[in-house]
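>>> The following block contains a protein sequence and its predicted model.
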Amino acid sequence: MAVGAQNKGMLFKLGVITLAMFGFGYALVPLYNAICDLTGLNVLATLEQESSGAGALNPENTQVDTSRRITVEFDTNVRGMWAFKPAVRTLEVHPGEMASVMYEFQNIQPREMSAQAIPSYAPKVAAQYFHKVECFCFNQYDLKPGEKKNWPVTFVVDPKLPKGVTTITLSYTFFEVGAGVPPAPQASVEATSAEAS
């Protein structure tokens, strides 16, 4: 009899705990909203407004310095038989504004090659203020003979860039990985010497 009473008592306690846990879980959403309202971090309300389309939020990026324009020049160099060029040679951006430029690559060798690009900046001080979000220079690529690819560079110029810097040159050198600098093609050398005479 005592064991049966203990079991009933334990069952009652477990039932109360289960109901309390369910009630606490049910109260979490209003509790979360109250905490967000107090702290100013109302992520759920923001997501609901965006998904419903009512009052969709498009906050202004306050980190963009619209009082300044920086001209970014894109320069390319190749070490080997590559066709490599940006879609545009210059682009004007505001510091803090995200921008993107596509680059075209083509392996004009009759064999597959692995290659990578290395960036450099002018003036040198610009390197610490030029932040690449996405860049083909982060990876090494394999291109088949004649294969052509397009890859982006997405970047932001830091608003802390010194005021005297108004132009940044981003230069990439694209080279074959694991190979030295290839010699000049024989046909080009012969054509040059024939033209000289």
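Alright, I've got the coordinates. Numbers count the residues shown, from 1 in each chain.

>>> Report the separation between the closest residue to residue 148 other than its chain neighbours and residue 77.
The shortest distance from residue 148 to any non-neighbouring residue, by C-beta to C-beta, 6 or more residues apart in numbering, is to residue 106 (4.2 Å). C-beta: built from backbone N, CA, C; applies to glycine. With the distance defined as C-beta to C-beta, to the nearest Å, residue 106 ends up 15 Å from residue 77.

>>> what do you get for residue 16?
Note on residue 16: its distance to residue 77, by C-beta to C-beta, is 75 Å.

>>> The lengthiest helix in the chain - contacts with which helices or strands?
As assigned by DSSP state H, the longest helix anywhere in the chain is helix 2-39. Helix 2-39 is packed against helix 43-52, with contacts defined by 3 or more C-beta pairs under 8 Å, 6 or more residues apart in numbering; DSSP states H and E.

>>> Skip ahead from the helix it packs on and say which helix or strand is next.
Counting by DSSP states H and E, the next helix or strand C-terminal to helix 43-52 is strand 70-79.

>>> So which other helices or strands are in contact with that next one?
Looks like strand 70-79 contacts strand 82-86, strand 90-93, strand 98-107, strand 148-157, strand 167-176 (3+ C-beta pairs under 8 Å, 6+ apart).

>>> What lies in contact with that strand?
84-86, 88-95, 99, 101, 103, 155, 157, 161, 165-176, 181-182 (C-beta atoms under 8 Å, 6 or more residues apart in numbering).

>>> do the same with stretch 122-140
98, 100, 103, 105, 114-121, 151-158, 160-162, 165, 168-172, 177.

>>> Average pLDDT for that stretch, rounded please.
Average pLDDT, stretch 122-140: 88.

>>> So what are the structural domains in this structure, by residue number?
If you go by automatic domain parsing, the domain ranges for the chain are 2-52, 70-176.

>>> Make a PyMOL selection of whichever of the contacts of stretch 122-140 turn out to be buried.
Of the contacts of stretch 122-140, the buried ones go into a single PyMOL selection, burial set by 16 or more other C-beta atoms under 10 Å:
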select buried, resi 103+105+115+116+117+151+153+155+156+157+161+168+170+172
